[in-house]
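1. Turn this into a structure:
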Amino acid sequence: MISAHTPGHDTALAPRSLLWLAIVGFGAAFFCVEHEPFISTTGATQFANDAGHLERDAAQGSVLNKVGYLLAGMVGALFLLRRTGRQLNLNGLLPVLVLVGMLWCLASITWSIDVWRTSKNLIILIFCLAGALGACRQFSTQQLVVLVWAVSTGFMLGGIGIEVLLGTFRPWSSTYRFAGTLHPNGAGANCLMVCLSTFLLLRHGIWRRAQWGLLAILVLSIVLLYATRSRSSFAACALVVGAVWLVGTSAKAKLVASVATVWTGSLTLLVAQMLHLPVLDRITSVFLMGRTSSVSSLNGRTELWEHVVQAIGQRPWTGYGYAAFWNDAHVYWYSKNLGWAMNSAHSFYLDAALGLGWTGLTMLLLVLVVVLWMARSVYRRTGDPMHGLALGMLLQSILTGLTESSLMLPSFTTFVTVIGVLELAFFVKRRSSPAAMTAADRSSSLGMDYPR
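-> Okay, the predicted model is just below:
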């Protein structure tokens, strides 16, 4: 039975049919935006982007992408226009920071080097924000976790099915990288979302009758994450899940886990040393995932970053306009001169500085610091799985943003991170007390129960 309340909120849950509409609608939207059913047929050595393809995308974009963005915006608009829903809370520093940041993005159209490109990407941003805000307003925190879990798990299982049908699912091959319907790096980010959301469902006792099934999904997501050979996502997953577990764990449990980890690691290294086993070499090989070429230059990123920093220096305060820099001319020049194709700086922070200047990057970093601190504090106070998901996705974005620009690109991973930011900025009651939670607060949205 649908409960009347959710933890920390005083509004009724959306009906189950509306949640199914969100799962199907947002799932279809972001499948159109970022998925390619035949990408796994390109082979492990061909996952690098083609410069000509990137130039065409920069100049014209994809019709299917536009359909996806429009669909996400329409679903969000439907949720926003619905009379019932949660009320926005505009109190505090975070809502102000988010709104100021949005105004800076909109203002960048006045100094953009490519007004059409900036305008187009701002419209995409507005569609994605409408979708995320509509989801936050309409669904309880538990329903949001279910939404994220259902869509990301569907993408992962669908990717396995596609590879099996195409005959490209060969995990026993030394050159295999799991892709499904995404680039392996994107598949890695999706597997991380599956892992984190499933971990939270298990940890908080949601769907207790299906715990063995959830555990199987959790194990599968970790195995497939490693099979993507996405080193940044794999490392981020371990750190993110560990951090979320630590935040919501008692001091005694943290101490026991820390002592056990140090003791086990020390004993393993001692035994390996005594037996003259090349443990360090094996560990290094595992974390490099067999991708040992160009490690010192981060697969060519360091040279790219040198050129990007020089470009930022030409327009340091305002940048080139939101998402304006990587037009077809710049994609061609950088791809030709660096010898490999790219359509981003491969660093979220550098791409933010390219588009919005050091001023915009400073605003962004301030938002990230405040929202990360708030996510930690709220999750410790409420123990709500959505706040744990928000904390984890923010950490993932901050960590992978060092070497990837995925947060600047409209994807389901970005969409989930934005949901987390908007949830914390506009829908969390700043002074709610977990002691005041009723039995109805602990009941679930889809027949899910918290332990009593």
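
2. State the helix or strand in which Leu201 lies.
-> Secondary structure from DSSP states H and E places Leu201 in helix 184-203.

3. And Ala341, by the same measure?
-> Under the criterion DSSP H and E, no helix or strand holds Ala341.

4. same question, His307
-> Under the criterion of DSSP H and E, His307 resides in helix 301-314.

5. now what about that helix, what contacts it?
-> Contacts made with helix 301-314 from outside it, assessed by CB atoms under 8 Å, 6 or more residues apart in numbering, are listed as 297, 319-320, 325, 334, 337-338, 342, 345-347, 350, 353-354, 357-358, 403. For the C-beta atoms, the positions are set from N, CA and C on the backbone; glycine is no exception.

6. Separate out the buried members of those residues.
-> If you count burial by 16 or more other CB atoms under 10 Å, the buried members of the contacts of helix 301-314 come out as 319-320, 325, 334, 342, 345-347, 350, 353-354, 357-358, 403.

7. wait, what's in contact with the residue lying closest to Tyr379 once chain neighbours are set aside?
-> Leaving aside its sequence neighbours, Tyr379 sits nearest to His387 (CB to CB, 6 or more residues apart in numbering; 4.0 Å). Going by CB under 8 Å, 6+ apart, His387 touches 141, 375, 378-379, 423-424, 428.

8. Return the distance of His387 relative to Cys195.
-> In this structure, His387 lies at 18 Å from Cys195, with CB to CB, to the nearest Å as the measure.

9. Kindly report the same for Ser335.
-> 33 Å.

10. where does the residue positioned nearest the centre of the chain land on pLDDT?
-> Taking CA atoms, centre = their mean as the criterion, Thr413 is the residue nearest the geometric centre of the chain, at 3.2 Å. pLDDT, Thr413: 93.

11. That one and Ala187 touch, don't they?
-> No: contact criterion CB atoms under 8 Å: Thr413 and Ala187 do not qualify, at 10.8 Å.

12. So, low pLDDT: which residues of the protein?
-> Counting by pLDDT under 70, the chain has low-confidence residues at 1-12, 43-61, 250-300, 430-452.

13. Compute the number of surrounding residues for Asn91.
-> Using other CB atoms under 10 Å, Asn91 has 12 neighbouring residues.

14. what does Tyr349 give?
-> Based on other CB under 10 Å, the number of other residues close to Tyr349 is 18.

15. and whichever strand or helix holds it, how far from the chain's centre?
-> Assigned by DSSP H and E, Tyr349 belongs to helix 348-382. Taking the mean of its C-alpha atoms, helix 348-382 sits 14 Å from the chain's own mean (CA atoms, centre = their mean, to the nearest Å).

16. what's the nearest residue to Ile23 if we skip its chain neighbours?
-> Excluding its sequence neighbours, the residue lying closest to Ile23 (CB to CB, 6+ apart) is Ala150, at 4.8 Å.

17. That neighbour and Leu19: what is the separation?
-> For Ala150, the distance to Leu19 equals 9 Å [CB to CB].

18. Go ahead and report the secondary structure state at the residue nearest to Ile23.
-> Per DSSP: H, G, I helix; E, B strand; the rest coil, the local secondary structure of Ala150 is helix.

19. Ala22 is in contact with that one, correct?
-> No: in this structure, Ala150 sits apart from Ala22 without contact. The criterion is CB under 8 Å, and the distance is 9.0 Å.

20. Settle it for me: which of the two has more neighbours?
-> Comparing Ala150 with Ala22 by neighbour count (other CB under 10 Å), the higher total belongs to Ala22, at 25 against 19.

21. And the one helix or strand Gln211 maps to, what does it pack against?
-> In the assignment (DSSP H and E), Gln211 maps to helix 211-227. The elements that helix 211-227 packs onto, with contact taken as 3 or more CB pairs under 8 Å, 6 or more residues apart in numbering; DSSP states H and E, are helix 141-166, helix 184-203, helix 231-247.

22. Tell me what angle it forms with helix 231-247.
-> 140 degrees (axes from the mean of the first three to the mean of the last three CA atoms, to 10 degrees).

23. List the buried residues of helix 211-227.
-> Neighbour counts over helix 211-227 (16+ other CB under 10 Å) mark 214, 217-218, 220-222, 224-227 as buried.

24. Tabulate these (TSV), appending distance to Val308.
-> Written out in TSV, the entries for those read as follows (distance: CB to CB, whole Å):
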residue	distance to Val308
Leu214	42
Ile217	39
Leu218	38
Leu220	37
Ser221	33
Ile222	33
Leu224	32
Leu225	29
Tyr226	30
Ala227	31
